[in-house]
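*Asks:* Everything below, folded, please.
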Amino acid sequence: MSWSDPAVAAFVVIPVLLVLALAWGANAAWRRSGAPPAAAARVSVFTCGAGFVWMALTAAAARSGVLRRWDATPPPFGLLLLAVVALAATVAWSGFGRQLASFLPLWTLVAVQGFRLPLELAMHAMYLRGVMPVQMSYSGRNFDVVTGASALVVAALCAGGRGGRALVAAWNVLGLALLANVVTVALLGTPRFRYFGDQRLNTWITYAPFVWLPAVMVLAALAGHLLIFRALRLRGGVA
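*Replies:* Below is the predicted model:
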């Protein structure tokens, strides 16, 4: 595969934009909280740096081949997923997450999940190219494209004052359920489980840049849902 292929490039561009969006969100949240501009800038720079370091580490792990050691116990890819869950929880439930949940407009937290729409289109393109197994696409068992498309609608309604907290909460539950579904499908398709057969193994995500699908994009999706729940709770909504 060529990195100049738009479908492949999406697996680089979207993670980079997500890191930059988080850094921007941190800066905006700190400023809205009344923090000095210098303090907001420091948080933003640290967030951006930490995000790109994580991307570099996970890309190095993919290139080394360690993530493809499916015979190891526990498999390194499983440890990566545990790290993703731990980082998502840390982002959402730490003091950093409290700032984001408290001071960023609720609609922005929803809108950022719209990245899942172009992601799903790129994933379907990978299926058509024979890189990704069908069960990981919306032609198979992955329905997360609904989350990406509906995020834009719910965010617009919320920004315009026509969508309340109940709508956001219901959408957030749906999005989290669809995320859990595709992660489960991905795990069942690995060589460790082979649930969909040897002709539909899910190994492509252990290569760069596709490793950033779980390492960055699943991380962003999960942290985003947890942040929305926290924002609803902090603002008196149903969480």
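
*Asks:* Leaving aside the residues adjacent along the chain, what's closest to M123?
*Replies:* S137 (5.7 Å; Cβ to Cβ, 6 or more residues apart in numbering). C-beta here means a position set from N, CA and C on the backbone, and glycine is covered the same way.

*Asks:* Tell me, how many residues neighbour that neighbour?
*Replies:* 20 (other Cβ atoms under 10 Å).

*Asks:* swap in the one 10 residues further on?
*Replies:* Other residues lying near T147 total 25 when counted by other Cβ under 10 Å.

*Asks:* tell me the contacts of it?
*Replies:* Residues counted as contacts of T147 (Cβ atoms under 8 Å, 6 or more residues apart in numbering) are 113, 116, 174-175, 178-179, 221.

*Asks:* Which element, helix or strand, includes it?
*Replies:* Per DSSP states H and E, T147 falls inside helix 145-159.

*Asks:* Tell me which residues are up against the following helix or strand past that helix.
*Replies:* The element immediately downstream of helix 145-159 (helix or strand, assigned by DSSP H and E) is helix 165-188. Helix 165-188 is contacted from outside by 81, 106, 110, 113, 135-136, 140-144, 146-147, 150-151, 154, 157-158, 193, 195-196, 202, 205, 214, 218, 221-222, 225, 228-229, 232, 235-239, using Cβ under 8 Å, 6+ apart.

*Asks:* Buried members of those into PyMOL, please.
*Replies:* To isolate the buried members of the contacts of helix 165-188 in PyMOL, using 16 or more other Cβ atoms under 10 Å:
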select buried, resi 81+106+110+113+135+136+140+141+142+144+146+147+150+151+154+157+158+196+202+205+214+218+221+222+225+228+229+232+237
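
*Asks:* Distance from the helix holding T147 to the middle of the chain?
*Replies:* Helix 145-159 sits 16 Å away from the centroid of its parent chain (Cα atoms, centre = their mean, to the nearest Å).
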